[in-house]
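1. Provide a 3D model corresponding to the input given below.
(2 chains)
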Amino acid sequence: MTSPASPPLIEADELTVRFGTVTALDGLELTAQPGEVLAVLGPNGAGKTTFVRCVATLVRPDGGRLRVRGHDVVREAASVRRDIGLAGQFAAVEPTMTGRENLEMTARLFGHGRSSARRAAVGVIDQLRLADVADRRAAGYSGGQRRRLDLGASLVGSPRLLLLDEPTTGLDPVGRSEVWEAVRALAVTGTDILLTTHYLEEADELADRVVVIDHGRVIAAGRPNELKASIGQDVNDVAVGRELVPAVARILEHVTAGPARLQPGGQHVTALAPGGAGQLAAVIAELGDASIAVDEIGLRRPSLDEVFLALTGAGHRDSERTEPAGPGLTVGGPAARSAS
Amino acid sequence: MTAIELPARPARTPGLTTAAGQVALRALRKYLRTPGLSVMGVVQSALFLFSFRYVFGGAIHTGATRYVDFLVPAYVASIVLFTGGGIAVAVATDRADGFTDRLLSLPVSRYALVLGRTAADSTTNVWSIATTAAFGFLFGFRLPGSWQEGLAALGLCVAYAVVFTVVFVVMGLYAPSAQAAQGMSLIAFVFAFISSAYVPATSMPGWLQPFAKYQPITPMVDAVRSLLTGSTIDVGLALAWSAALVVVLAPVAVIRYRRP
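-> Residues are numbered from 1 along each chain as shown, chains lettered A, B, ... in the order given. Below you'll find the predicted structure:
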């Protein structure tokens, strides 16, 4: 691993970026140590992509400082570029070239000679299981294959820090799990990874540490479990038939005095339980009074999703209130999470 | 779970020519493998030439010179102004879809990006020039002087191709989107049409003639015409314009890559 003397992987100090009148990063403070997968989590427009673009030397900070492995991204941009590999939300591969051609090109641009570029491409093709399609043009790849090729292109130069900007946005579940598997396999090897995502599930699956940002500032940071513990509340979770969802939501909101959410799948209605087990008893009592038969009921720890909503207050934003099921009922799932 | 073993780290960053070569190779592959680019460019330039030669040509008076002999040298010299919009669009598209970001995140010289792009597009433009010249002969153009003089004129057209390529690369780099790049490239039409390329500038209304006379395209096409007959009128001025455009615009392109 790393010696104690080695500089932090990423050190952002009062990092500020403005685009015209919009402040994308507003004095962001963040330190990441080597040896971990760090997820930067936030709603769209929170500044995630801007942050990654700063680390990748693509955006110059307007204020503050940003160092990658001790190198300043402005004054020592060339050194930073030697250390990083970038894979973006748009798969930046050349569609008219084969996977192998794409990888060899990028390897040459990382500084590999002709034959070592060829070897690097073969290695990455093997590791990312692209052998079947390596000699086909990337235009014909599936979404997951394209994203893996893009990932591979960022790996042929053996970056010390891999930057993944929303690596699975727009992928179907198969493509997503393919990318996840590759990221896990990389983390095992000890590649440092910074990824942004607005899928909480993704951060939970992949990250050792999560930084939640909103409006260009860090609003929470920690291991996924610490974050879940940090809101200090369990969640009432009631599973009922679809037709009973509005009634259950009303009861949950009445008892907990907070918003109820319908979970993806349309069966589970949840609400934070600031009152703990006592509130669960109250919910059960009110359900009994209303003669509502539930399939399941209980208290559980919050998902990272719920932590995120509690932290960003996104549950109270109007755009989130696309309530097909009941009064004040917020619908969960990627669509709602990506709104705002 | 399997671990992914990464290849060895490259010992150094790529040299200028290696990086430019890779950037150029990719642009050329895209051009050659996209029939819409490689074939349509040729078809488009032949159609324009056909229209000028056989549709408008009869109504344009060029004195003792046959219109086809007046038109073709200038048309070949300025063909890139018609086909070059594709360069601006390609460059703008690379910026929009993340390809440029990937390149900029790599340890490559920004000069290599401009050099590679310009080299590739200049090469495809030489192809446009060659095919357009061939269509010129097919539509009745005959060399007024020796074949050596013809080659000199063609060489000058190739030099212009590099100049115009840089112009369109800069447009593509500063255009906010691919559509905007397409629109911006129409400016080239203004320079091509309000010049002595397709009609004698003296046939234009008096208020338009100064623009036609003092913008770069007029001396550039006139220089090609004069080389064909063994004279060098306007060649110095044309080369000065060419050098000035490259000297000013190439750094503008590099700056855009440095501060994206």
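2. Kindly report the residues of the stretch 1-150 of chain A close to chain B.
-> Residues of the stretch 1-150 of chain A lying close to chain B (Cβ under 8 Å from any Cβ of the partner chain) are A:53, A:56-60, A:78, A:81-82, A:84-86, A:88-92, A:94, A:96-97, A:101, A:105-113, A:116, A:119-120, A:123-124, A:127-128, A:137. In short, each C-beta sits where N, CA and C put it, glycine included.
3. Mark which of the residues you listed are part of strands, please.
-> A:84-86 (DSSP state E).
4. Pull the residues that contact the helix or strand containing A:A185.
-> Per DSSP states H and E, A:A185 falls inside helix A:173-189. Under the contact criterion Cβ atoms under 8 Å, 6 or more residues apart in numbering or on different chains, helix A:173-189 has outside partners A:37, A:127-128, A:142-145, A:147-148, A:151, A:155, A:162, A:164, A:167-168, A:171, A:193, A:195, A:202, A:205-206, B:1-6.
5. just the helices in the chain please.
-> No chain was given, so I picked chain A. With DSSP state H as the criterion, chain A has helices at A:48-55, A:77-83, A:99-110, A:114-127, A:143-155, A:173-189, A:200-206, A:224-230, A:245-256, A:277-289, A:304-312, A:334-338.
6. that's the wrong chain, I wanted chain B
-> Counting by DSSP H, chain B has helices at residues B:16-33, B:35-50, B:67-83, B:85-96, B:99-105, B:110-138, B:147-174, B:178-184, B:187-193, B:209-214, B:217-228, B:235-258.
7. Using a markdown table, lay out those helices together with distance to A:G175, mean pLDDT and mean neighbour count.
-> Formatted as a markdown table, the helices of chain B follow (distance: least, Cβ to Cβ, whole Å; pLDDT from 0 to 100; neighbours: other Cβ atoms under 10 Å in any protein chain shown):
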| stretch | distance to A:G175 | mean pLDDT | mean neighbour count |
| --- | --- | --- | --- |
| helix B:16-33 | 25 | 96 | 19 |
| helix B:35-50 | 28 | 90 | 15 |
| helix B:67-83 | 38 | 95 | 25 |
| helix B:85-96 | 22 | 94 | 23 |
| helix B:99-105 | 20 | 93 | 23 |
| helix B:110-138 | 31 | 95 | 21 |
| helix B:147-174 | 31 | 96 | 21 |
| helix B:178-184 | 26 | 95 | 18 |
| helix B:187-193 | 42 | 95 | 16 |
| helix B:209-214 | 55 | 95 | 14 |
| helix B:217-228 | 50 | 96 | 24 |
| helix B:235-258 | 32 | 95 | 17 |
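8. possible to save those helices as TSV with distance to chain A?
-> Formatted as TSV, the helices of chain B follow (distance: least, Cβ to the nearest Cβ, whole Å):
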stretch	distance to chain A
helix B:16-33	4
helix B:35-50	10
helix B:67-83	19
helix B:85-96	8
helix B:99-105	4
helix B:110-138	9
helix B:147-174	14
helix B:178-184	14
helix B:187-193	26
helix B:209-214	35
helix B:217-228	33
helix B:235-258	9
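9. Now for the spatially closest residue to B:I233 that is not a sequence neighbour: which residues touch it?
-> Excluding its sequence neighbours, the residue lying closest to B:I233 (Cβ to Cβ, 6 or more residues apart in numbering or on different chains) is B:S226, at 4.2 Å. By Cβ under 8 Å, 6+ apart, the residues touching B:S226 are B:232-235.
10. Among those, which pair sits farthest apart?
-> B:T232 and B:D234 (7.9 Å; Cβ to Cβ).
11. Looking at those two, which has the bigger crowd around it?
-> Counted by other Cβ atoms under 10 Å in any protein chain shown, B:T232 and B:D234 do not tie: B:D234 has more neighbours, with 20 against 11.
12. Surely that one is in contact with B:P219?
-> Yes. When contacts are counted by Cβ atoms under 8 Å, B:D234 is listed as touching B:P219 (4.5 Å).
13. Low-confidence stretches in the stretch 51-200 of chain A?
-> For the stretch 51-200 of chain A, residues meeting the criterion pLDDT under 70 lie at A:91.
14. rerun at 90
-> With pLDDT under 90 as the threshold, the stretch 51-200 of chain A has low-confidence stretches at A:88-92, A:127-129, A:143-144, A:168-176, A:178-179, A:182, A:185-191, A:197-200.
15. quick revisit: gap between the helix holding A:A185 and the chain center?
-> Put simply, helix A:173-189 sits 13 Å off its chain's centre (Cα atoms, centre = their mean, to the nearest Å).
16. Pull out the buried positions in that helix.
-> Neighbour counts using 16 or more other Cβ atoms under 10 Å in any protein chain shown place A:175-176, A:178-187 of helix A:173-189 among the buried residues.
17. Can you give me the distance of the spatially most central residue of chain A to chain B?
-> Closest residue to the average C-alpha location of chain A: A:T197 at 2.2 Å, with Cα atoms, centre = their mean. A:T197 sits at a distance of 17 Å from chain B (criterion: Cβ to the nearest Cβ, to the nearest Å).
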